[in-house]
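Chemist: please find the sequence and the predicted model below.
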Amino acid sequence: MSLIPSFFGRRSSNVFDPFSLDVWDPFQDFPLSTNFPSSARETTAVANARIDWKETPEAHLFKVDVPGLKKEEVKVEVEDGGILQISGERSKEQEEKNDKWQRIERSSGKFCRRFRLPENAKLEQVKAAMENGVLTVTVPKEEVKKPEVKAIDISG
């Protein structure tokens, strides 16, 4: 039993397979969508790597979702002027001659995110660690010196 008519060019649907119930995309074969180079389409898919930036009293913490990437595929750099750059690349899987893709939802390509760090960042002490597909970059902060208050005796 097919819920989506076969004249839309899709494979037949199966009510018991929730992933086969795709909605017909009228722009799927739209000619303008093929004018962009494949590398541009791939890059935009990954270009917005999700990053959380949290400031604690001791440091600035950046958490980046990079599922499926190895630490060798991700680069963390600090440039002059206090710019933190996090970049990487997810390679596209190689297709064998006899393989036929049924669905491609995981993105591939390059990503690059840049952040201007505040003045109180200790750029020489930046650390990065990756665990379970999450890259954590820790940028320690300089301690804020409280102004020294000196009491003045009042004469008279």
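Modeler: Ah, there it is. Residues are numbered from 1 along each chain as shown.

Chemist: pLDDT below threshold where in the chain?
Modeler: For the chain, residues meeting the criterion pLDDT under 70 lie at 1-48.

Chemist: now do the buried residues in stretch 67-84.
Modeler: If you call a residue buried by 16 or more other C-beta atoms under 10 Å, then stretch 67-84 has these buried ones: 69, 74, 76, 78, 84. Backbone N, C-alpha and C define where each C-beta goes, glycine included.

Chemist: mind listing what Glu95 touches?
Modeler: Trp101 (C-beta atoms under 8 Å, 6 or more residues apart in numbering).

Chemist: residue boundaries of the strands in the protein?
Modeler: 51-55, 59-65, 74-79, 83-90, 109-116, 127-131, 134-140 (DSSP state E).

Chemist: specify the angle between the fourth one and strand 127-131 in degrees.
Modeler: Between the axis of strand 83-90 and that of strand 127-131 there is an angle of 30 degrees, by axes from the mean of the first three to the mean of the last three C-alpha atoms, to 10 degrees.

Chemist: tell me what strand 83-90 is packed against?
Modeler: For strand 83-90, the elements it packs on are strand 59-65, strand 74-79, strand 109-116, strand 134-140, judged by 3 or more C-beta pairs under 8 Å, 6 or more residues apart in numbering; DSSP states H and E.

Chemist: quick check: buried residues in the last one?
Modeler: Neighbour counts using 16+ other C-beta under 10 Å place 135, 137, 139-140 of strand 134-140 among the buried residues.

Chemist: that strand packs against which elements?
Modeler: Applying 3+ C-beta pairs under 8 Å, 6+ apart, one finds that strand 134-140 contacts strand 59-65, strand 74-79, strand 83-90, strand 127-131.

Chemist: with respect to Leu123, which of the buried residues of strand 134-140 is nearest?
Modeler: The closest of the buried residues of strand 134-140 to Leu123 turns out to be Val139 (C-beta to C-beta; 7.6 Å).

Chemist: just grab the bridge partners of the closest one for me.
Modeler: On the basis of DSSP bridges, Val139 takes part in beta bridges with His60.

Chemist: these two touch, right, it and Ile83?
Modeler: No: contact criterion C-beta atoms under 8 Å: Val139 and Ile83 do not qualify, at 11.6 Å.
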